[in-house]
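>>> Okay, here's the prediction I keep looking at, along with the sequence it came from:
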Amino acid sequence: MKTTLLLSVLCAVMAVAASQSCGSVTCATDEICNTITNTCQCNTTFYTFTPGTLPSPTLTCTGAKFNIQVSKCWLETNGYNTSDIRLNSTNTECVAANQNVNGISEMTLQRPLTTSDCNTVPVMNATHVLYTNQLYIFGKTDPIRITNDVVMNISCSYPLNMNVALNVTLRPIIGSTVINGPTGNASYAALMIAYKESTYTTPLSDSDTLTVEDTIYLSVRVPDLNVNTFKLKVVNIYASPTNSSDQKYYLLQNGCPSSQISSDQLTVDSNGVGIESRFPMKVFQITSSNTVYLYADLALCTTDCNSTCTSRSKSDGSQDISGRVNIYLDAFDTSDYLENSSARGFSMPWTLSALIFSWILMKLM
């Protein structure tokens, strides 16, 4: 009861406190201006050191992003280092920055829910995709340490809205990114998943073994898209042996199967009519490469935008690209198999990490 009363009084005091100009900046209501250095410093009268109390960051998952904030002055009062609060990465974009939020000095961090961004990991179950990461808050060490480092698990969940129940694999092959709506005022999480069968129910995992000419099933979907407002269209699908995507081998162009491939290499089950696009695809490899990146260029339409393919790689229109999602694939060493196989280079075994692309494209290289 006393704690609640104290917090209420504190909030009231801070609400009426006037922001102070301090050189070229304006201090938050829980800061004071150091007139010698013209810098804002925490007002030590607003917060109390409480041994053993852990930080309580606020996490929201709006706009297909991790949105994290925690009081800068509370952290400093309780012995934490506010210059190094970050997700599970040392990249500078993964480090929190100081921001005045509604008059309070906060450490804030916003990162898209994208596979591998700041080492974010997507985990899929029967109904949702869960984006997970860790938030690191370190204790000050200068001049002495009074607080332990803290590592917190954080996550954002998005429903898959599947019409059928997923048979979930332990390590599904999944790629994710964030795309913007046509008006630019909304963001959506987009997923790319590879499946084993034409019902699109059992995701492939990186332990599955495939051979050239096997058929897999690619799904690209935006789970939280309002189908009454927007439709998802995959404009292009192409492969590259590097993550720069400079060297491209097209399977789909302008919503239609590419003229670069055979008629059965990739077909369109559905595209541009809902929140999910589906493509059966024959497995093949890129010559002289153990790795491949499979990319899909995405667009959002306000009406049905399925392509009318009067000829291969031709459609009746094109859309502005809203974003790109990809799956990274890595081959394993097949030398032992090839030495003992009569197939020799035609129907080689590949783990799912080496799904793509077939001998047909070898002619193009």
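Perfect, thanks for sending it. Treat the numbers as computed from the prediction; the structure is a model and nothing was measured.
>>> so Gly63, which of the three states?
Going by DSSP: H, G, I helix; E, B strand; the rest coil, the secondary structure assigned to Gly63 is helix.
>>> List the contacts of it.
By C-beta atoms under 8 Å, 6 or more residues apart in numbering, the contact list for Gly63 reads Ala186, Ser187. No exception for glycine: its C-beta is placed from N, CA and C like everyone else's.
>>> Okay, it and Val129: tell me how far apart.
16 Å (C-beta to C-beta, to the nearest Å).
>>> likewise Thr60?
17 Å.
>>> Same check on Asp224?
For Asp224, the distance to Val129 equals 10 Å [C-beta to C-beta].
>>> Same drill for those two, tell me which one is more crowded.
Using other C-beta atoms under 10 Å, the more surrounded residue of Asp224 and Val129 is Val129, with 22 against 14.
>>> Wait, that one touches Pro172, no?
No. Using C-beta atoms under 8 Å, Val129 makes no contact with Pro172, being 9.7 Å away.
>>> contacting residues around Ser56?
Counted by C-beta under 8 Å, 6+ apart, Ser56 has contacts Val70.
>>> Could you chop the protein up by domain?
49-159, 174-364 (automatic domain parsing).
>>> Can you give me the end-to-end span of the first one?
With C-alpha to C-alpha, to the nearest Å applied, domain 49-159 spans 40 Å between its terminal residues.
>>> any chance of the domains of the chain in TSV, with mean pLDDT and distance to Val25 too?
Listed next are those as TSV, based on pLDDT from 0 to 100; distance: least, C-beta to C-beta, whole Å:
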stretch	mean pLDDT	distance to Val25
domain 49-159	91	9
domain 174-364	74	29
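>>> Redo these as JSON lines? Include distance to Ile36.
Putting these into JSON lines (distance: least, C-beta to C-beta, whole Å) gives the following:
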{"stretch": "domain 49-159", "distance to Ile36": "19"}
{"stretch": "domain 174-364", "distance to Ile36": "43"}
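>>> Out of those domains, which gets nearest to Thr29?
Of all those, domain 49-159 sits nearest to Thr29, with 4.4 Å by C-beta to C-beta.
>>> what's the spacing between that closest one and its chain's center?
17 Å (C-alpha atoms, centre = their mean, to the nearest Å).
>>> and what of stretch 210-219?
24 Å.
>>> Report the buried residues of it.
In terms of neighbour count (16 or more other C-beta atoms under 10 Å), stretch 210-219 has its buried residues at Leu210, Val212, Asp214, Ile216, Tyr217, Leu218, Ser219.
>>> what about the last one, distance to Gly175?
Ser219 sits 11 Å away from Gly175, taking C-beta to C-beta as the criterion.
>>> Quickly list what's touching both of those two.
Contact criterion C-beta under 8 Å, 6+ apart; residues shared by Ser219 and Gly175: Leu191, Met192, Ile193.
>>> and the last one, what element?
It stands for Ile193. Using DSSP states H and E, Ile193 sits within strand 187-195.
>>> what's that strand packed up against?
Other helices and strands packing on strand 187-195, by 3 or more C-beta pairs under 8 Å, 6 or more residues apart in numbering; DSSP states H and E, are strand 128-139, strand 174-180, strand 215-221, strand 291-301, strand 323-330.
>>> In its sheet, which strands sit next to the fourth one, and in what direction?
The reference is to strand 291-301. With DSSP bridges as the test, strand 291-301 is paired with strand 231-240 (antiparallel), strand 323-330 (antiparallel).
>>> looking at those strands, which is buried most?
Mean neighbour count, computed with mean count of other C-beta atoms under 10 Å, is highest for strand 231-240 among these, reaching a mean of 23.
>>> Following the chain past that one, name the next helix or strand.
Sequence-wise, the next helix or strand downstream of strand 231-240 (DSSP H and E) is strand 249-253.
>>> ok so, going back, tell me which of the domains of the chain lies nearest to Thr26.
Across those, Thr26 has its closest neighbour in domain 49-159 (7.1 Å, C-beta to C-beta).
>>> what about Tyr295, distance to Thr303?
For Tyr295, the distance to Thr303 equals 25 Å [C-beta to C-beta].
>>> Could you check which of the two has the larger neighbour count?
Tyr295 (20 against 8).
>>> Pretty sure that one sits against Ile321.
No. In this structure Tyr295 lies outside contact range of Ile321 using C-beta under 8 Å: 11.0 Å.
>>> Now do the strands for the stretch 51-200 of the chain: every range, in order, please.
Shown for the stretch 51-200 of the chain, the strands assigned by DSSP state E, counting those that start in this stretch span residues 58-60, 65-71, 80-86, 97-101, 104-112, 121-124, 128-139, 150-159, 174-180, 187-195.
>>> Look up the closest residue to Val150, ignoring the ones flanking it.
Leaving aside its sequence neighbours, Val150 sits nearest to Ile137 (C-beta to C-beta, 6 or more residues apart in numbering; 4.5 Å).
>>> ok, what's across the strand from that neighbour?
Ile85, Val150.
>>> list the contacts for it?
If you count contacts by C-beta under 8 Å, 6+ apart, Ile137 has them with Pro55, Val70, Leu75, Tyr80, Asn81, Ile85, Asp149, Val150, Val151, Met152.
>>> Buried only: go through those for me.
Buried by 16+ other C-beta under 10 Å: Pro55, Val70, Leu75, Tyr80, Asn81, Ile85, Val150, Met152, out of these.
>>> what's the first-to-last distance across stretch 203-220?
One end of stretch 203-220 sits 13 Å from the other (C-alpha to C-alpha).
>>> With that, I have no additional questions.
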